[in-house]
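> Give me coordinates for this.
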Amino acid sequence: MKCWGINDRGQLGNGTTDDSAVPVSITELSNVTAIATGVDHSCALLSDGTVKCWGANDGGQLGNGTTVDSAVPVPVTGLSNATAIATGAGYSCVLVSNGTAKCWGANPHGELGNGTTVDSAVPVSVTGLSSVTAIATGGNHGCALLADKTVRCWGDNNVGQLGRDTSSGTIPASTPAPVTALNNADTLAAGASHSCASLTDKTVRCWGANDYGQLGNASPTPEFIPVQVSGLSSAVAVVAGGGAVGSGHSCALLTDGTVRCWGDNGNRQLGDGSRLLSIRPLLVTELNGAIDIATSESHSCALISDKTVSCWGDNFSGQLGNGTTVASTVPVSVTGLSNAFDVAAGSDHSCARLTDETVKCWGANSVGQLGNGTTVDSTVPVLVVGLSDVSAIAASDRHSCALRIDQTVKCWGDNFYGQLGNGTRTDSSVPVLVTGLSNVRAIATGRAHSCALLFDNTVRCWGNNSLGQLGNGTTVDSTVPVLVAGLSDVSAIAMGKNHSCAIRSGDETVKCWGGNDHGQLGRGNTLNSSTPGDVFNLLNGRVVAAGGDHSCALLSSRTVRCWGGNVAGQLGNGTRDSSSFPDLVAGLNDVADIATADLRSCARLTNGTVACWGNNRVGQLGDGAKLSSRQPLKVVGIP
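Below you'll find the predicted structure:
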């Protein structure tokens, strides 16, 4: 056995604390049958059923009865019949030949599974486990696969990684309990803060943290119970990356011998040649339908699984990208795009993020919103100049923004209200850096304002603030980002024409602020607000979208509720009456994602089809007609 890399705690096991960029031999270690690595320690299972560990030992994770680090392997006390080994952030576990499990090390969240939160420097039995066939350890939680194909987990549960229903909240567990509705598991894996299982029906289900899309269910929100990974139907094994700490990704081995991965890709760990995270498995060839949607006032676009883009609706400025200015009531392919990874739609322009981490835009360009250094419209995609390493895009009325891999933001186009965030009010036909903004996780754009969700789960906004849409308690515009007041624990944001909304990850409530003339803040009134407030009686929000004067939320039930203006039927409740309370969209189930525009809403279903409702004056519902609809209509030509 050989190791390489960082060695500040002796985790390479060669008797030194010197880092090594090449493999070095482990001191006096032979007959190794399995290995496992934690944050700063490593362990090896030997052929005689014993275990040796080395490296950091501040929590007793070496299992030798001490808390002293060791740069050479030391025997784990009292183990002689181990058959499998796994390591977490600061603890270790083994599967024992009699079908039980034992763990040792740090235990602040109950990760040893023995009913306490007391560290142990020697192995202790995991309470109540028998007939165990496999074990998996994450950052601070553990899971066991039993012979009856069920799974039990214990330890930290801050983002639902134990797979229990939401009634138990995020309470950790110091003893194993069953994962909800999982009774046919075949293999098991645990990442930093999420878990996955491949099932006997060859599908994969994951649960827990999902901030990088590591659950693979086409959503960025955490899940407390297992959700099916999109588009996988022939999986034979699953692994959960992210190590013992940090971000996460997952991979599945398929019956045809190929591998599909999803989640974090900042270090190219998805193996697709890019550094773009994915909330669904990459290269899943059996998915032929839409995998992402974007809508604006006059047109809609869909990202197709073959990395092409199709758009429909108005085309006066070339925003359909098919080389013409002829409107279309059904989807048409955007010219020359074969490597799209994401799509965004502004009022009269569209943009796509490509797999090489660049961006192309097409359509109206009167104030430089295409970002190609000109103000000339284009009916086909043109490259945004000087922009690389892009991880997300957003497009609005006449400006666009891009989130870069270094967690900074650049914007271009109209800047009358300071919506480019660079401290000026000067339009720019090339991307400019948003001032003083770092550690950004997600971005969204309104008509003339922009917002960013940071990794500390707060939100900052800039631009027009005449109705309080910046959320900082004032109505004064700002050309640089300002903190949204009293808003924390945010998991997602969305911008409407003159209002903003956010989902809080802890209680899954939705908060909105800004303009409210049609009830789009969902508070039961039409009073503007310059600070965030709760949408009335809306729980279990997973995705939020804000249109011109209305808002919608995708709930954990896979249904959708909308509120606000409804002159064109954009609330989808069968009427044209505005509502300041959330109303259920009629006849819409199994929704995977939502998008909203000025007078229109769209939903992508789990089967890859798309349905839209609301204004259809120029065919933007994509149903082949030009009649507005108060309820969802299927977009034709997208299976």
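> and G496, what is it in contact with?
G446, R447, G514, G515, Q520, A546, G547, G548, D549, H550, S551, T596 (CB atoms under 8 Å, 6 or more residues apart in numbering). All C-beta spots, glycine's among them, are computed from the backbone N, C-alpha and C.
> Also V334?
Contacts were defined as CB under 8 Å, 6+ apart; by that measure V334 touches 301, 308-311, 320-322, 340, 350, 352, 362, 380-381.
> what sits against V96?
V96 makes contact with N81, A82, T83, K102, according to CB under 8 Å, 6+ apart.
> The residues you listed, buried ones only, as a PyMOL selection?
This is the PyMOL syntax for the buried subset of those, where burial follows 16 or more other CB atoms under 10 Å:
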select buried, resi 82+83+102
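> can you put the contacts of V96 in JSON lines and add pLDDT and secondary structure?
Supplementary listing: these in JSON lines, determined by pLDDT from 0 to 100; DSSP: H, G, I helix; E, B strand; the rest coil:
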{"residue": "N81", "pLDDT": "93", "secondary structure": "coil"}
{"residue": "A82", "pLDDT": "96", "secondary structure": "strand"}
{"residue": "T83", "pLDDT": "95", "secondary structure": "strand"}
{"residue": "K102", "pLDDT": "97", "secondary structure": "strand"}
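> Identify, from the contacts of V96, the entry nearest to T175.
Compare each of the contacts of V96 with T175 using CB to CB and the shortest gap goes to K102, at 14.0 Å.
> partners of that closest one in the sheet?
Per DSSP bridges, residues listed as beta-bridge partners of K102: V94, S125.
> Let me see the contact set for it.
L79, A82, C93, V94, V96, P123, V124, S125, V126.
> Quick one: buried ones out of these?
The buried subset of the contacts of K102 (16+ other CB under 10 Å) comprises L79, A82, C93, V94, V96, P123, V124, V126.
> ok, the nearest residue to the second one once chain neighbours are set aside - contacts?
Using CB to CB, 6 or more residues apart in numbering and skipping the chain neighbours, the partner closest in space to A82 is V94 (4.0 Å). In this structure, V94 makes contact with 45, 51, 79, 82-86, 101-103, 123, 135, judged by CB under 8 Å, 6+ apart.
> and these as JSON lines, adding distance to S628?
What follows is those, written out as JSON lines (distance: CB to CB, whole Å):
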{"residue": "L45", "distance to S628": "65"}
{"residue": "V51", "distance to S628": "68"}
{"residue": "L79", "distance to S628": "70"}
{"residue": "A82", "distance to S628": "66"}
{"residue": "T83", "distance to S628": "64"}
{"residue": "A84", "distance to S628": "60"}
{"residue": "I85", "distance to S628": "62"}
{"residue": "A86", "distance to S628": "57"}
{"residue": "A101", "distance to S628": "60"}
{"residue": "K102", "distance to S628": "65"}
{"residue": "C103", "distance to S628": "60"}
{"residue": "P123", "distance to S628": "67"}
{"residue": "I135", "distance to S628": "56"}
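> tell me which of the residues you listed is nearest to A345?
Of all the contacts of V94, A345 sits closest to A86, with 45.3 Å by CB to CB.
> Quick one: classify the closest one as helix, strand or coil.
Reduced to three states with DSSP: H, G, I helix; E, B strand; the rest coil, the structure at A86 is strand.
> What about it, how many residues nearby?
Using other CB atoms under 10 Å as the criterion, A86 is surrounded by 26 other residues.
> Next, give phi and psi for the closest residue to it other than its chain neighbours.
In space, and not counting its chain neighbours, A86 is closest to T137: 4.1 Å by CB to CB, 6+ apart. Dihedral pair for T137: phi -120, psi 140, per degrees, to the nearest 10.
> now the one 4 residues further on
For H141, the backbone dihedrals (degrees, to the nearest 10) come out as phi -140, psi 160.
> Quick check, it in contact with N107.
No. At 11.7 Å, H141 and N107 do not qualify as touching, with contact defined as CB atoms under 8 Å.
> Show me where this protein has its helices.
With helices called from DSSP state H, the chain shows none.
> Now do V544 against D201, distance only.
The span separating V544 from D201 equals 32 Å under the rule CB to CB, to the nearest Å.
> Between the two, point out the one with more neighbours.
For V544 against D201, the residue with the higher neighbour count under other CB under 10 Å is V544, and the figures read 25 against 11.
> Next up, the contacts around the more buried one.
Shown in contact with V544 (CB under 8 Å, 6+ apart): A492, I493, A494, C501, A502, I503, V510, S551, C552, A553, L554.
> what are the bridge partners for the last one, then?
This points to L554. According to DSSP bridges, beta-bridge pairing links L554 with V543, V560.
> ok, now the third one?
Residues found in beta-bridge contact with A494 (criterion: DSSP bridges) are C501.
> That one contacts A546, correct?
Yes. With contact defined as CB under 8 Å, A494 reaches A546; the gap is 4.2 Å.
> what do the two both touch?
Listed as contacting both A494 and A546 by CB under 8 Å, 6+ apart are S500, C501, T596.
> Quick check, pLDDT for the first one.
To tie it back to what came earlier, the one meant is S500. S500 carries a pLDDT score of 96 in this model.
> Does it touch C451 like I think?
Yes. Contact status for S500 versus C451: in contact at 5.9 Å, counting by CB under 8 Å.
> So for these two, which sits in the more crowded spot?
When S500 is set against C451 and neighbours are counted by other CB under 10 Å, the residue ahead is S500, at 31 against 28.
> List the contacts of that one.
Contacts were defined as CB under 8 Å, 6+ apart; by that measure S500 touches 444, 446, 449, 451, 461, 469-471, 484, 493-494, 512-514, 546.
> State the distance from it to I493.
Distance of S500 to I493, given as CB to CB: 7 Å.
> so what sits against both of the two?
The overlap between the contact sets of S500 and I493 (CB under 8 Å, 6+ apart) consists of A444, C451.
> Can you name the residues that contact R600?
Taking CB under 8 Å, 6+ apart as the definition of contact, the neighbours of R600 are 295, 297, 300, 547, 568, 570, 612-616, 620-621.
> Report the beta-bridge partners for it.
Under the criterion used here (DSSP bridges), R600 is bridged to G614.
> Quick one, grab the pLDDT at it.
Looking at R600, its pLDDT is 94.
> How about L253?
The per-residue pLDDT reported for L253 equals 79.
> show me what contacts the residue nearest to it when sequence neighbours are not counted?
Among residues not flanking L253 along the chain, A237 sits closest, at 4.4 Å (CB to CB, 6+ apart). Applying CB under 8 Å, 6+ apart to A237 gives the contacts D186, T187, S198, A252, L253.
> next one: A442
Residues touching A442, when contacts are defined by CB under 8 Å, 6+ apart, comprise P220, A392, L403, A452, L453, A492, I493.
> Please apply the same query to G113.
Residues touching G113, when contacts are defined by CB under 8 Å, 6+ apart, comprise A101, C103, V126, T127, L129, G142, W154, G155, S174, T175, P176.
> isn't the fourth one right next to G110, touching?
The reference is to T127. No. Here T127 lies out of contact with G110, judged by CB under 8 Å, at a distance of 10.0 Å.
> neighbour count winner among the two?
Looking at T127 and G110 with other CB under 10 Å, you find the greater number of neighbours at G110, namely 24 against 16.
> And this structure, split by domain according to the record?
What the record gives for the chain is the domain set 2-192, 290-634, from automatic domain parsing.
> what's the closest of these to L270?
Where those are weighed against each other on CB to CB, the nearest is domain 290-634, at 11.0 Å.
> where in the stretch 251-400 of the chain is pLDDT low?
Within the stretch 251-400 of the chain, the stretches falling below the threshold (pLDDT under 70) are 257-258, 266-269, 271-275, 283-290.
> count of neighbours near G78?
Residues within reach of G78, counting by other CB under 10 Å, total 12.
> ok, now which ones touch it?
The contact partners of G78, by CB under 8 Å, 6+ apart, come to V122, P123.
> from here on, count from 144
Understood, numbering begins at 144; the last thing we discussed is G221.
> Need the residue closest to the centroid of the protein.
Centroid-nearest residue in the chain: P363, 2.6 Å away (criterion: CA atoms, centre = their mean).
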